[in-house]
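Engineer: sequence and predicted structure, then a few things I'm wondering about:
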Amino acid sequence: MAAVAGQQLAGELAPVPPRVRTGAVRRFPFWRWIILVLAGLYFALPLYAGFRFSGLSSFPAVASQEGFSEAFTLSIRLAAITTVLTLVLMVPTVIWVHLRLPKVRRIMETITILPIVIPPVVLILGVLEVSPAGLKASPNLLALLYVVLAMPFAYRALDAGLRALDLKTLVEASNSLGGGMGTTLWRIILPNLRTALLSATVLTVALVLGEFTMASLDQYQTFPVWIVAFDQTSGPISVAASLAALIVTWIVLMLITAIGGRGRGGRGSGATLYSVARREPPGGS
Amino acid sequence: MTADTAPAVAPGPAAAGPGARPGRSRHSILRSAVNWGGLLPFAIYAGLGLILPTIAIIIGAFQTDNGAFTFSNINVALHGVYLHGLVTSLELSVIASIIPGVIGFLIAYAIFTARRGSVLRRVTITASGTFANFGGVPLAFLFIATLGTTGLLTGWLNAIGLNPYDHGFNLYTFSGVVLVYMYFQIPLMVLVILPSLEGLRPAWREAAANLGASSWQYWRYVGGPVLMPAFLGCVLLLFGSALSAYATAQALTSGSIPLTSIQIGSFLNGNVLAGQANVGKALALGMVLIIAVAMSLYALAQRRAAKWLQ
């Protein structure tokens, strides 16, 4: 945080633009820095305490612990199934909504926000009530459920990506050049949605790798459930595992926004990844 | 039927009109059927994954263990330990949505104004994306390492004579849970409020400045009123998120604070008294109703917000 703050400060100081509103401009950053430094401390301290508690030697030890590979394999498997299902379900749906039913976008936004606010305990309670016995006995039920949980993130990422495109023109241009539906989708729309697809994928994977409530209540030992069960025997290693998962997710997200930001002039493309509120395309004020 | 007979009844030039119109409308009906049909896979999935389980809960809340109709589950859910849990859940969610809401807003505004240093924005936004999804047991661990009885910060504060445990703070009680919830609530607020801030047009600020408004006046009469619905909407979302949280509180308090989500979880874990198997569903129904109210208000706030913040 401190390094970043330093860079930001340097960026602010380097150019010397005409000082018209010097007073206002100077006074505000002071409060800004107070807020950001306090927030930075609040977020950094637990991470630092976690590092101190686990010790560096715990990190390599995570992978060699008993049960790690089974739990990790299960989580990776669920993540793969969930991501494929989510993309297969959501990509055509969101494209369809943009092309044919733009008025439905608001309804879609409302529906896809539900999984964020409906408590997971409530959802799993209802799902275990209605799902057929064969499905209940399989961890794949979790993957099917995670698709629902991933909807808010996948929908918003894809929606933001599509808003930045002139979809109709692209499709018409492709059609007039003789491209069919499949060609248009594979060779025109999807390549243009690279960033959105990537962020939808990462958010989905992060969600699956971190989800605890449903997995534990459905009695499957996924990676997060394993971390907790493992804590009974070795605290430092489970803290190390949590920290590693958090930091890897962050780095991957940084990489994605760095790639996406370059392509689209950087106007908050990171924000569009997750924004839950309504948002217009970048540049269209 | 009427479409077929219409041209016969009305001959001449008029025939072209009615004759063509049903054709077009039949075409457009087909077209809109195809349009809506494209939503079918999503609708079916959402129906099976979201709506059906919710309906099952609503029905189950009114059933005895044998499936007969009853109000007793609701009755049990609204008394004693469960009522206490519901009240505590509501209190916790209100506090753990308003405080992080305000802090998150300030942080979002701070990075929103940092146009030049896009690195700061990028780091804050990606960090928010990561931390907003971080919760549960790992988060509880980090805070135990920080502010537990033997935590790092506790030790530091103790060294300067300010042991928080001597001043009424306890990580494993209400105040501790609020502090921990802020760790994912603040980033969530930053993420959801940023788009609204970006809708705040610089022209308004300039116009206000041209008319001689001070910064405070701008916020009091322009920025504040325009942002208020969006802010309230985001706080409602945070409320829902706090109400939903299960794993974090469970790991931190091991159930010592009665919270509805934990109580529902204990029903799923099989801690059920005879004849009360469906009380969990009644509790879940209560949560669904609270969420429904919060979401209706959220939708209302969003509509108000959309008026200005396009």
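Structural biologist: Looks like it came in fine.

Engineer: mind listing what whichever residue of the stretch 101-250 of chain A sits closest to chain B touches?
Structural biologist: Nearest to chain B, among the residues of the stretch 101-250 of chain A, is residue A:126, at 2.6 Å (C-beta to the nearest C-beta). Every C-beta, even on glycine, is put in place using the N, C-alpha and C of the backbone. Neighbour list for residue A:126: B:52, B:53, B:54, B:55, B:56, B:57, B:284 [criterion: C-beta atoms under 8 Å, 6 or more residues apart in numbering or on different chains].

Engineer: buried subset of these as a PyMOL selection?
Structural biologist: Of the contacts of residue A:126, the buried ones go into a single PyMOL selection, burial set by 16 or more other C-beta atoms under 10 Å in any protein chain shown:
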select buried, chain B and resi 52+53+54+56+57+284
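
Engineer: which of the contacts of residue A:126 are close to chain A?
Structural biologist: B:52, B:53, B:54, B:55, B:56, B:57, B:284 (C-beta under 8 Å from any C-beta of the partner chain).

Engineer: and those, which is closest to chain A?
Structural biologist: Looking across the ones next to chain A among the contacts of residue A:126 and measuring by C-beta to the nearest C-beta, the closest to chain A is residue B:53, at 2.6 Å.

Engineer: give the burial count for residue 106, as a bare number.
Structural biologist: Since no chain was named, I'll use chain A. By other C-beta atoms under 10 Å in any protein chain shown, the residues close to residue A:106 number 14.

Engineer: not quite, go with chain B.
Structural biologist: Counted with other C-beta under 10 Å, residue B:106 comes out at 19.

Engineer: that one touches residue A:35, doesn't it?
Structural biologist: Yes: counting by C-beta atoms under 8 Å, residue B:106 touches residue A:35, with 5.1 Å between them.

Engineer: pLDDT below threshold where in the chain?
Structural biologist: You didn't say which chain, so I picked chain A. Per-residue confidence for chain A (pLDDT under 70) gives these ranges: A:1-28, A:231-234, A:256-257, A:259-285.

Engineer: oops, I was thinking of chain B
Structural biologist: Applying pLDDT under 70 to chain B flags the ranges B:1-24, B:115-118, B:271-275, B:310.

Engineer: can you say which helix or strand has the residue most central in space within it in it?
Structural biologist: Note on chain B: the residue nearest the mean C-alpha position is residue B:237, at 3.0 Å, using C-alpha atoms, centre = their mean. In the assignment (DSSP states H and E), residue B:237 maps to helix B:224-244.

Engineer: for that helix, name the packing helices and strands.
Structural biologist: Applying 3 or more C-beta pairs under 8 Å, 6 or more residues apart in numbering or on different chains; DSSP states H and E, we find helix B:224-244 packed against helix A:105-117, helix B:80-113, helix B:174-198, helix B:260-268, helix B:279-308.

Engineer: now the shortest one: buried residues?
Structural biologist: Neighbour counts using 16+ other C-beta under 10 Å place B:260, B:261, B:262, B:263, B:264, B:265, B:267, B:268 of helix B:260-268 among the buried residues.

Engineer: which residue sits closest to the most centrally placed residue in chain A, ignoring its sequence neighbours?
Structural biologist: When C-alpha atoms, centre = their mean is applied to chain A, the residue found nearest the centroid is residue A:203 (2.5 Å). Spatially, and ignoring its direct neighbours in sequence, residue A:203 is nearest to residue A:153 (4.0 Å; C-beta to C-beta, 6 or more residues apart in numbering or on different chains).

Engineer: next, the angle from the helix or strand where that neighbour lies to helix B:174-198.
Structural biologist: For residue A:153, the enclosing helix or strand under DSSP H and E is helix A:140-163. Helix A:140-163 runs at 30 degrees relative to helix B:174-198, counting by axes from the mean of the first three to the mean of the last three C-alpha atoms, to 10 degrees.

Engineer: list the buried residues in the helix or strand just after helix A:140-163.
Structural biologist: Counting by DSSP H and E, the next helix or strand C-terminal to helix A:140-163 is helix A:167-176. Using 16+ other C-beta under 10 Å as the test for burial, helix A:167-176 gives A:167, A:171, A:174.
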